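Trainee: Here is my input, please return the structure:
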Amino acid sequence: MIDLENVDRTFKDYVSKFDLNNITIKRKYEHTLRVKDNCKKIAKALNLSLEDTNLLVLIGYLHDIGRFLQMKKYNSIVDSKTIDHADLGVDILFKDNLIRKFIDDNKYDNIIYKAVKYHNKMNLNYELTSKEKLFCKAIRDADKLDIFYVATYDNNIKDFYILPYVEGAKLNPKVKEDFDSHRLVDLRNRKTAIDKLANILAFIYDLNLDASKKTITENTIDNVINTFIKTFNVKDTNECLYLKNNILKYLNNT
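Mentor: So this is what the prediction gives:
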């Protein structure tokens, strides 16, 4: 039995050991709470049992558990420059045995381990049972759906983009190739903020479940793009319109 009240207390107790005045740690804390709420919505849409719903919500709490130690240890959450936060997360949970503070029973350990470990990988080309695959897909979707929230409502949105904004910049050809091929953008090829915008919108291509895709509307896309335009005072919106039109075409055909 998964006690979500205990899960919530345990998560908040763990995070309290880190500096919540640090904007990045605070963001990841708030992100986790929104992702676990996304997990509830996805579970409802999938008509999951109460136990499976609670399991997915637990995974929502745990998916980014490695982010906090990553930030404390490296003062960065850029995986390519530090450590894969999902791999760090499963080490904290299963090597350090933190998982037993969240749930006494070990019968879900394989699902939890794989869902946390694979939630940030480029694809799910791993040997998984049908149930493991379902939970892996669900947490990947719940995580990505929050990106669109952050890209619209984060008060420090310029920090979210990391990359510099260059007026009139075109999409990096390699980023454009990924985007046009309906696949995730290779982060190594991002050069400017417009590449990051493409990177964000391309997450739609990696939504696995119909229940998740249905939450993405033209209004969702407009909110992300309009926030980008306002944030950087964009005058030339050709690249933005290109991204929007291609995403809408994709959604209308899936």
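Trainee: any idea how the chain splits into domains?
Mentor: As assigned by automatic domain parsing, the chain contains the domains 4-145, 154-252.
Trainee: can you give me the end-to-end distance of the first one?
Mentor: I take that to be domain 4-145. 22 Å (CA to CA, to the nearest Å).
Trainee: State the mean pLDDT of that domain.
Mentor: Summarised as a single mean, pLDDT over domain 4-145 is 96.
Trainee: Centre of the chain to it, how far?
Mentor: Computed by CA atoms, centre = their mean, to the nearest Å, the separation of domain 4-145 from the middle of its chain amounts to 10 Å.
Trainee: Walking through this structure, point out its helices one by one.
Mentor: Applying DSSP state H to the chain gives helices spanning 4-15, 23-45, 50-62, 66-74, 85-90, 99-102, 109-118, 130-153, 157-161, 173-180, 193-201, 210-213, 218-232, 238-252.
Trainee: Could you dump those into TSV with distance to Glu167 and mean neighbour count added?
Mentor: No exception for glycine: its C-beta is placed from N, CA and C like everyone else's. Listed next are these as TSV, based on distance: least, CB to CB, whole Å; neighbours: other CB atoms under 10 Å:
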stretch	distance to Glu167	mean neighbour count
helix 4-15	39	15
helix 23-45	27	18
helix 50-62	39	22
helix 66-74	32	20
helix 85-90	33	21
helix 99-102	48	18
helix 109-118	38	21
helix 130-153	20	20
helix 157-161	14	15
helix 173-180	18	18
helix 193-201	10	24
helix 210-213	33	16
helix 218-232	8	16
helix 238-252	11	16
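Trainee: Make CSV from the ones you listed and add distance to Leu187 to it.
Mentor: Output for those, formatted as CSV (distance: least, CB to CB, whole Å):
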stretch, distance to Leu187
helix 4-15, 26
helix 23-45, 17
helix 50-62, 23
helix 66-74, 16
helix 85-90, 14
helix 99-102, 29
helix 109-118, 17
helix 130-153, 13
helix 157-161, 13
helix 173-180, 10
helix 193-201, 7
helix 210-213, 22
helix 218-232, 18
helix 238-252, 17
